[in-house]
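Asks: Provided below for reference: sequence and predicted model.
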Amino acid sequence: MKKQLYINGEWVEASTYMPLYSPYSEAHIADIPKATTEEVDQAIQAADAATRVMAEMPAYQRADILYQLAEKLAERKDEAARIIALEAAKPFATAKGEVARTIETYRFAAEEAKRIHGETIPLDASASGTGRIAYTVRKPIGVIGAITPFNFPMNLVAHKVGPAIAAGNTIVLKPASQTPLSSFFIAELLEEIGLPKGALNIVTGSGRTVGEQIVTDPRVQMVTFTGSPEVGIGIRNKAGLKRVTLELGSNSAVIIDRDVDVDRIIPRCVTSAFSNQGQVCISVQRIYVHEAIYDTFVEKFVAQTKTLKLGDPLEEQTDVSALITKKDVERTLSWMKEAKQAGAHVITGGSAQGNVLEPTVIVDATKAMKVSCQEVFAPIVTIQKVSSMEEAFASVNDSRYGLQAGIYTENVYTALEATEKLHVGGVMINDTPTFRVDQMPYGGVKESGVGREGIAYAVEEMTELKLIVWNKNN
Ligand code: NAP
């Protein structure tokens with residue numbers, strides 16, 4: 001399967017191609033265009049030329065395009081899930097969940113397209129403002145450069161394409177090199193619907209070249225990036241005065257208080273640690289358990305972990321499949337080795353079968369070990385004993401990251417303390433940090449990023465406030 005670039009509403013043969021392999025079977029699954037500087041330039045040019053038609057399109061039409069996209073995706077949902085499973089090695093059942101969320105994300109975007117509005121300002125609150133009428137409107141920002149990661153190749157693209165169209169912007173999208181097929185699939189659907197030419201352009205190729213060109217081109221008004229902190233920080237440094245939204249990584253934690261019914265929460269905790277092989281930005285990486293129930297929790301968590309089925313992502317029963325690259329398998333094995341040498345214990349998992357890393361539980365890790373303090377992005381979790389909730393809050397906060405955190409407790413005062421003390425973008429009471437639905441404000445503090453997604457919040461970031469003042473005095 002040879003894919004083409006999507007520029008100005010046309011499928012464009014590229015001058016250079018790169019092979020795409022399945023992370024699980026390593027089979028050759030497609031040839032992907034490697035966009036040249038000229039091709040990226042054409043995509044930006046097309047997006048720039050289409051800004052007017054998109055800015056002038058009435059809200060009901062923008063909403064209609066997004067509703068139709070959601071409907072078409074729903075009709076082809078299994079095909080979409082297979083694409084995700086194939087290119088990302090996301091287990092099929094999880095991939096189906098991502099498609100269901102993507103449909104909902106585009107529906108939310110359709111709804112938001114209809115409620116973008118400003119407010120009236122009482123200028124006569126100042127004596128000098130008497131006799132004037134003022135209001136604000138929200139205007140589309142123009143060309144949006146969107147750069148997306150591999151781990152949710154359809155829904156995280158929807159979190160950029162959806163609000164961008166809802167707000168009347170145009171887009172140049174650079175999907176992750178490992179997962180471009182999901183983006184091309186969405187472009188095919190939008191083409192069938194009749195999205196104006198140039199409103200969405202997709203250029204593939206290495207982040208370092210294609211991505212950087214998008215970030216530094218003066219015609220691109222905003223960069224919305226989801227990916228690793230290293231790349232995100234580099235983008236911010238190069239983006240100058242462009243608006244920048246960064247949705248970055250984390251080493252998310254959940255706290256388990258002494259009074260919790262362990263049996264009730266174990267399945268949710270295990271899924272939150274190992275879903276999509278732990279390659280989720282809010283995956284549970286650190287678990288802090290009160291010493292009173294620590295042994296019970298560890299024993300039951302390990303027992304549940306052992307029930308997970310490893311294997312082919314295209315099989316319905318698979319829970320855990322391949323990591324995205326061989327390099328990530330090697331990296332995580334070396335991090336585990338470092339932890340073991342420094343005194344931690346791997347109590348289940350710890351080895352790889354091909355590119356599939358076994359779901360791994362580590363105890364006695366210290367905060368300085370990479371498996372604890374860096375984003376592991378793999379099916380590895382550390383469980384640590386704490387003697388008080390104060391200690392747990394301090395441990396959660398002792399991180400470069402701050403995306404979301406969770407706490408299970410029966411004590412309402414402890415829960416309230418958690419909401420106040422945990423320094424993160426979102427606190428989940430009686431849930432893991434992995435909870436996300438697509439309309440909620442989502443984003444982090446510290447090295448987890450700047451700005452918020454969640455359609456209404458992304459629309460706000462993707463529009464500019466304009467003030468209008470009418471003078472009645474002359
Ligand atoms: P990544 O390596 O940072 O890549 C993300 C995107 O950036 C890819 O499209 C990549 O292209 C591109 N890129 C790489 N270098 C670039 C550069 N110098 N300039 C511009 N673009 C560049 O991240 P990933 O491995 O795909 O995804 C995993 C990371 O994403 C994790 O840290 C995870 O926590 C984070 N994430 C965050 C959220 C959130 O909402 N907060 C959600 C999901 C994932 P190539 O693929 O061609 O390198």
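Replies: Arrived safely. On a predicted model such as this, the values are computed, not experimentally measured, just so you know. Residues are numbered from 1 along each chain as shown.
Asks: what does this structure put close to the ligand?
Replies: 147-152, 156, 174-177, 206-208, 211-212, 215, 226-228, 231, 234-235, 247-249, 281, 375, 377, 403, 449 (C-beta under 6 Å from any ligand atom). C-beta coordinates here come from the backbone N, C-alpha and C atoms, glycine included.
Asks: Identify the residue spatially nearest to Pro399, adjacent ones excluded.
Replies: Not Pro; residue 399 is Ser. Asn251 (5.8 Å; C-beta to C-beta, 6 or more residues apart in numbering).
Asks: got a list of what that neighbour touches?
Replies: Gln285, Arg286, Ser372, Cys373, Gln374, Glu375, Val376, Ser399, Tyr401 (C-beta atoms under 8 Å, 6 or more residues apart in numbering).
Asks: Among these, which lie within strands?
Replies: Among the contacts of Asn251, the members found in strands (DSSP state E) are Arg286, Tyr401.
Asks: all strands of the stretch 201-350 of the chain, in order?
Replies: 220-226, 243-247, 253-256, 286-290, 345-348 (DSSP state E, counting those that start in this stretch).
Asks: follow-up on the earlier one: buried ones from the residues of the chain next to the ligand, can you make that a PyMOL selection?
Replies: Filtering the residues of the chain next to the ligand down to the buried ones (16 or more other C-beta atoms under 10 Å) takes a single PyMOL command:
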select buried, resi 147+148+149+150+151+152+156+174+175+176+177+207+211+212+215+226+227+228+231+234+235+247+248+249+281+375+377+403+449
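Asks: Of the residues of the chain next to the ligand, which belong to helices?
Replies: Leu156, Glu212, Val215, Val231, Gly234, Ile235 (DSSP state H).
Asks: Among the residues you listed, which one lies nearest to Lys139?
Replies: Nearest to Lys139 among those: Val215, at 22.5 Å, using C-beta to C-beta.
Asks: Next one, pLDDT for that closest one please.
Replies: Listed pLDDT for Val215 reads 98.
Asks: Hmm, Thr224 and it touching each other?
Replies: No: when contacts are counted by C-beta atoms under 8 Å, Val215 is not listed as touching Thr224 (10.9 Å).
Asks: Touching both of the two, which residues are there?
Replies: By C-beta under 8 Å, 6+ apart, the residues touching both Val215 and Thr224 are Gly145, Ile147.
Asks: The ones in helices among the residues of the chain next to the ligand: which two are farthest apart?
Replies: Leu156 and Glu212 (19.9 Å).
Asks: which other residues reach stretch 28-40?
Replies: By C-beta under 8 Å, 6+ apart, stretch 28-40 touches 1-5, 7, 12, 14-22, 43, 86-87, 172, 177, 180-181, 203-206, 209-210, 213-214.
Asks: Could you say which helix or strand holds the closest residue to Val346 other than its chain neighbours?
Replies: The shortest distance from Val346 to any non-neighbouring residue, by C-beta to C-beta, 6+ apart, is to Ile362 (5.5 Å). Using DSSP states H and E, Ile362 maps to strand 360-363.
Asks: what lines up beside that strand in the sheet?
Replies: strand 345-348 (antiparallel), strand 380-386 (parallel) (DSSP bridges).
Asks: after the longest one, next one along is what?
Replies: The element immediately downstream of strand 380-386 (helix or strand, assigned by DSSP H and E) is helix 389-397.
Asks: same for that next one, what does it pack against?
Replies: When contacts are defined as 3 or more C-beta pairs under 8 Å, 6 or more residues apart in numbering; DSSP states H and E, helix 389-397 packs onto strand 253-256, strand 286-290, strand 380-386, helix 412-421.
Asks: Pick the most deeply packed of those.
Replies: strand 253-256 (a mean of 27; mean count of other C-beta atoms under 10 Å).
Asks: Can you name every helix or strand that it contacts?
Replies: Using 3+ C-beta pairs under 8 Å, 6+ apart as the contact definition, the elements that strand 253-256 packs against are helix 262-274, strand 286-290, helix 389-397, strand 404-408.
Asks: Could you rerun that using 6 Å?
Replies: If contacts are counted by 3 or more C-beta pairs under 6 Å, 6 or more residues apart in numbering; DSSP states H and E, strand 253-256 sits against strand 286-290, strand 404-408.
Asks: any chance of the ones you listed in CSV, plus mean pLDDT?
Replies: CSV is the format used below for these (pLDDT from 0 to 100):
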stretch, mean pLDDT
strand 286-290, 98
strand 404-408, 98
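Asks: May I see the ones you listed organised as TSV, with distance to Ala394 added?
Replies: Shown next, in TSV, are the helices and strands packed on strand 253-256 (distance: least, C-beta to C-beta, whole Å):
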stretch	distance to Ala394
strand 286-290	10
strand 404-408	12
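Asks: Of these, which is nearest Ala415?
Replies: strand 404-408 (6.5 Å).
Asks: relative orientation of the closest one and helix 412-421 in degrees?
Replies: 170 degrees (axes from the mean of the first three to the mean of the last three C-alpha atoms, to 10 degrees).
Asks: Relative to the whole chain's centre, how far out is strand 404-408?
Replies: In terms of C-alpha atoms, centre = their mean, to the nearest Å, the gap separating the centre of strand 404-408 from the centre of its chain is 18 Å.
Asks: Look up phi and psi at Thr51.
Replies: When read as degrees, to the nearest 10, the backbone of Thr51 gives phi -60, psi -40.
Asks: Please determine how far it is located from the ligand.
Replies: Distance from Thr51 to the ligand, counting by C-beta to the nearest ligand atom, to the nearest Å: 22 Å.
Asks: Distance of that residue relative to Asp124?
Replies: 36 Å (C-beta to C-beta, to the nearest Å).
Asks: Which one's more surrounded, the two?
Replies: When Thr51 and Asp124 are compared for neighbours, Thr51 comes out ahead with 20 against 13, by other C-beta atoms under 10 Å.
Asks: In contact with that one, which residues?
Replies: Gly142, Thr170 (C-beta atoms under 6 Å, 6 or more residues apart in numbering).
Asks: list the helices and strands the helix or strand encompassing Ala158 packs on?
Replies: Assigned by DSSP H and E, Ala158 belongs to helix 155-166. The contact analysis (3+ C-beta pairs under 6 Å, 6+ apart) places helix 155-166 against helix 92-113, helix 455-461.
Asks: same for the shortest one, what does it pack against?
Replies: The reference is to helix 455-461. Secondary-structure packing of helix 455-461 (3+ C-beta pairs under 6 Å, 6+ apart): helix 92-113, helix 155-166.
Asks: which other residues reach that helix?
Replies: Residues contacting helix 455-461 (C-beta under 6 Å, 6+ apart): Phe108, Ala109, Glu112, Pro163, Ala166, Ala167, Thr245, Gln439, Pro441, Gly451.
Asks: quick one: the residue most central in space within the chain from Ile84, how far?
Replies: The C-alpha lying nearest the average C-alpha coordinate of the chain belongs to Leu156 (C-alpha atoms, centre = their mean; 5.0 Å). Look at Leu156 and Ile84: by C-beta to C-beta, they are 11 Å apart.
Asks: how many other residues sit next to the nearest residue to Val254 once chain neighbours are set aside?
Replies: Sequence neighbours aside, Gly406 is the residue nearest to Val254 in space, at 4.1 Å (criterion: C-beta to C-beta, 6+ apart). Residues near Gly406, counting by other C-beta under 10 Å, number 30.
Asks: residues touching Gly406, list them.
Replies: Gly406 neighbours (C-beta under 6 Å, 6+ apart): Val254, Met428, Asp431, Thr432, Pro433.
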